[in-house]
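1. coords please:
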Amino acid sequence: MAVERTRIPRAQDEIFDARRSAREKYSALVVGRPGWGALLKHEIVTLVAQSVPGALGFALRKALYPALLGRCGRGVIFGQNVVLRHPHKIEIGDHVVIDDHCLLDAKGESNRGIRIASGAFVGRNTILSCKNGDIELHAGANIGFNCELFSASRVVVGEGTLVAAYCYLIGGDHDAADASKAVLEQGRVSRGVTVGAGAWLGAGVKVLDGVHIGDRAVIGAGAVVRSDVPAGATAVGIPARIVHEAGSAR
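-> Alright, predicted model coming up:
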């Protein structure tokens, strides 16, 4: 994968930027569009629907959240306290479930944002976080509880792939070429993460930047994946090592 150097401003630098008003900073970080109209629409929908419990909450979010999104298909379920940032860059297909307390953050200056295809499931407390990158969940992808997908370039989860709870797909890294700089002063690079179709990541798997996991590959629980895993292979451990390849005898 090609290395992409990217500018990822620190959140505190943006929050305490004295050159902009509080409204301008809030709009840039959360709404994603300038102007009072976009801000008021975002605030009204959030206030009325985001935290309402029970069946009424589901109905309100189903009716109102599409007004903020770039696209929203039929039969999409939004759980309680689902948070949307830069929602105009989020597109969702039909019959998708976004469970309670998820964060969909499509933040960025030049990115496309988040694409969630039909039939996908995003489990409770999961975070999809763009830092000027893109995230794609293909049809039927299943992301378990308490996962994080971070993208400073491109992170893809293939069709029908199962990502178990507490997994972390890390589509970005620090540029450690200059060891004289503290980590927070280093630049940022990203090559992205790709997981093919029909794969299975066990609970607690960590996939580092630049890794490609092939179709139908299996990654054992708790593994840390630093290098590519071919289609149909099984990898386990820290760092992950391949213990079975497609076509070989077990």
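
2. So which elements touch the helix ranked longest in the chain?
-> When the chain is scanned for its longest helix (criterion: DSSP state H), the result is helix 36-49. Counting contacts by 3 or more CB pairs under 8 Å, 6 or more residues apart in numbering; DSSP states H and E, helix 36-49 is packed against helix 54-64. C-beta coordinates here come from the backbone N, C-alpha and C atoms, glycine included.

3. The helix it packs on: which residues count as buried?
-> By neighbour count on 16 or more other CB atoms under 10 Å, the buried set for helix 54-64 is 57, 58, 60, 61, 64.

4. contacting residues around residue 109?
-> Counting by CB atoms under 8 Å, 6 or more residues apart in numbering, residue 109 makes contact with residue 132.

5. so what pLDDT did it get?
-> pLDDT, residue 109: 88.

6. quick one: it and residue 188, what's the gap?
-> Note on residue 109: its distance to residue 188, by CB to CB, to the nearest Å, is 14 Å.

7. Using CSV, lay out the buried residues of helix 54-64 together with distance to residue 34.
-> Formatted as CSV, these follow (distance: CB to CB, whole Å):
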residue, distance to residue 34
57, 30
58, 31
60, 27
61, 25
64, 22
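
8. tell me the centre residue of this protein?
-> Nearest to the mean C-alpha position of the chain, by CA atoms, centre = their mean, lies residue 128 at 2.3 Å.

9. wait, what's in contact with that residue?
-> Shown in contact with residue 128 (CB under 8 Å, 6+ apart): 102, 103, 104, 105, 114, 122, 135, 149.

10. related to what we said a few turns ago, how about CSV for the buried residues of helix 54-64, with pLDDT added?
-> Output for those, formatted as CSV (pLDDT from 0 to 100):
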residue, pLDDT
57, 97
58, 97
60, 98
61, 98
64, 98
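
11. what sits in contact with each of residue 109 and residue 188?
-> What both residue 109 and residue 188 touch, as defined by CB under 8 Å, 6+ apart, is an empty set.

12. picking up where we left off before, the residue nearest to the centre of the chain: what secondary structure?
-> strand (DSSP: H, G, I helix; E, B strand; the rest coil).

13. How much space separates it from residue 134?
-> 10 Å.

14. Residues in contact with both of the two, list them for me.
-> The contact sets of residue 128 and residue 134 overlap at residue 114 (CB under 8 Å, 6+ apart).

15. nearest spatial neighbour of residue 196, skipping sequence neighbours?
-> Spatial nearest neighbour of residue 196, chain neighbours left out: residue 215 (3.7 Å); criterion: CB to CB, 6 or more residues apart in numbering.

16. how long is stretch 160-178 from one end to the other?
-> This stretch, stretch 160-178, spans 41 Å end to end (CA to CA, to the nearest Å).

17. Actually, stretch 47-55.
-> Termini of stretch 47-55 sit 17 Å apart (CA to CA).

18. Just the buried residues of it, please?
-> 49, 50, 52.

19. which of the residues in stretch 184-199 are buried?
-> Using 16+ other CB under 10 Å as the test for burial, stretch 184-199 gives 186, 188-199.

20. so which of the residues you listed would you say is closest to residue 219?
-> The closest of the buried residues of stretch 184-199 to residue 219 turns out to be residue 199 (CB to CB; 7.5 Å).

21. Does the closest one touch residue 164 like I think?
-> No. Using CB atoms under 8 Å, residue 199 is not in contact with residue 164; the gap is 11.3 Å.

22. Tell me the first helix or strand C-terminal of the least confident helix or strand in the chain by mean pLDDT.
-> Sorting the helices and strands of the chain by mean pLDDT, DSSP states H and E puts strand 4-6 at the bottom, at a mean of 63. Tracing the chain past strand 4-6, the next element assigned as helix or strand by DSSP states H and E is helix 11-15.

23. Tell me which helix or strand comes right after that next one.
-> Next helix or strand after helix 11-15 toward the C-terminus (DSSP H and E): helix 22-26.
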